[in-house]
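[1] sequence and predicted model, in that order:
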Amino acid sequence: MENRAHAIAAVVFLIVFSVGAVLVYYWLAHRPDEPLTYAIVTSQSVGGLSEQSAVQFKGLVVGHVSSIGFDPQDRARVILRIQLQRDTYVTHATYAEVAMQGLTGGSVLELKLGPGSRSPLATSAAHPALIPMHAGMLDSLVASAPVVMRQLEGVLSEARQVLDQNNRAHIATSLQQLDEATRELAAVEQQLPGLLQGMQRSVDQSHALLANANTLMRDAQTPVRNATRLEASIEALARSSRQLGERLDRQTVPDADTLSQSLQQTSRQLDALLRELKAKPQSLIFGAPKPPPGPGEPGFHDGKDRQP
């Protein structure tokens, strides 16, 4: 009986130990702070990265590189395994780049978001999800370096053609002229203070002239008012003259016609008098001759009384 009791106790202990071990393993494998594992497969260079290299997202460290090595199926590719914090924002649009870290020259693996779905990327330790690798800025510069070098060689070749002997002479002449212009500018700069002082004096004189002009304008207001009154007086005199002229026209024209008729009659009488004086100038001394006596008057002589 004792052997059977010991056997039962041993079996119970083994069962309890096995259940406890399973529970501890399950707890350790699924604890809340367990990092998530992702994989990166790339044919690009990962120079500067190593195990324990930092993984960053938006400038914050969210994990590290757990392993790095060649792909057993394709030795031209590199496989990186990274472990990230569970709260890291990883989606189907997430990609990775190798970036330089400040002035130290070290490299970090930086996660970025590109176009695509923003749904979370599920992963597990047994089957880690793949995150694509994009070429970083340094890789892009290295890839474009040959093209840039060829372009630079072309620019240098054109520069050599431009800077031939004649053009170099022209450039030297231009530099000399520029030097002379600089010296002239320096001389002008030395004269600027005097010019500025002269301008200031001119401005002061202008202010004084403006003040005098204002005074003259105020003094000229009185003659202007007098001239206005004189103009009004002249206009009144002109109106009086026009009225007088109209009145003279109405009154003088008939009198002038009568006077003209009288003058014409007097002129005719003077003509007759002159003709008579020419015919009988003695009349000026003796007077005009009396007319001969008529019939019945003394001295009248009829033709009958004449003797044959």
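    Received it, and whenever you're ready, just let me know what you need.
[2] which residues sit in contact with residue 63?
    35, 54, 55, 82, 83, 84, 85, 88 (Cβ atoms under 8 Å, 6 or more residues apart in numbering). C-beta here means a position set from N, CA and C on the backbone, and glycine is covered the same way.
[3] among the residues you listed, name the buried ones.
    Among the contacts of residue 63, those classed as buried by 16 or more other Cβ atoms under 10 Å are 35, 54, 55, 82, 83, 84, 88.
[4] with respect to pLDDT, which of these ranks lowest?
    Lowest pLDDT among those: residue 35, with 87.
[5] how far away is residue 45 from residue 76?
    Residue 45 is 12 Å from residue 76, where distance means Cβ to Cβ, to the nearest Å.
[6] of the two, who's got more company?
    More neighbours surround residue 45 than the other of residue 45 and residue 76, with 14 against 7 (other Cβ atoms under 10 Å).
[7] secondary structure added to the contacts of residue 63, as JSON lines?
    As requested, those are exported to JSON lines (DSSP: H, G, I helix; E, B strand; the rest coil):
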{"residue": "35", "secondary structure": "coil"}
{"residue": "54", "secondary structure": "strand"}
{"residue": "55", "secondary structure": "strand"}
{"residue": "82", "secondary structure": "strand"}
{"residue": "83", "secondary structure": "strand"}
{"residue": "84", "secondary structure": "strand"}
{"residue": "85", "secondary structure": "coil"}
{"residue": "88", "secondary structure": "coil"}
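[8] next, count neighbours for the nearest residue to residue 65 once chain neighbours are set aside.
    Distance criterion Cβ to Cβ, 6 or more residues apart in numbering; nearest residue to residue 65, sequence neighbours excluded, is residue 53 at 4.5 Å. Residues lying near residue 53 (other Cβ under 10 Å) number 20.
[9] cool, and residue 49?
    20.
[10] run through the residues that contact it.
    65, 68, 80, 98, 107, 108, 109.
[11] which residues of the stretch 1-150 of the chain fall in helices?
    Using DSSP state H, counting those that start in this stretch, the helices of the stretch 1-150 of the chain run over 2-29, 137-162.
[12] how much space separates residue 63 from residue 166?
    65 Å.
[13] same thing with residue 36?
    70 Å.
[14] neighbour count winner among the two?
    For residue 36 and residue 166, the more surrounded residue by other Cβ under 10 Å is residue 36, and the numbers stand at 20 against 8.
[15] wait, that one sits on residue 87?
    No: counting by Cβ atoms under 8 Å, residue 36 does not reach residue 87; the two are 9.7 Å apart.
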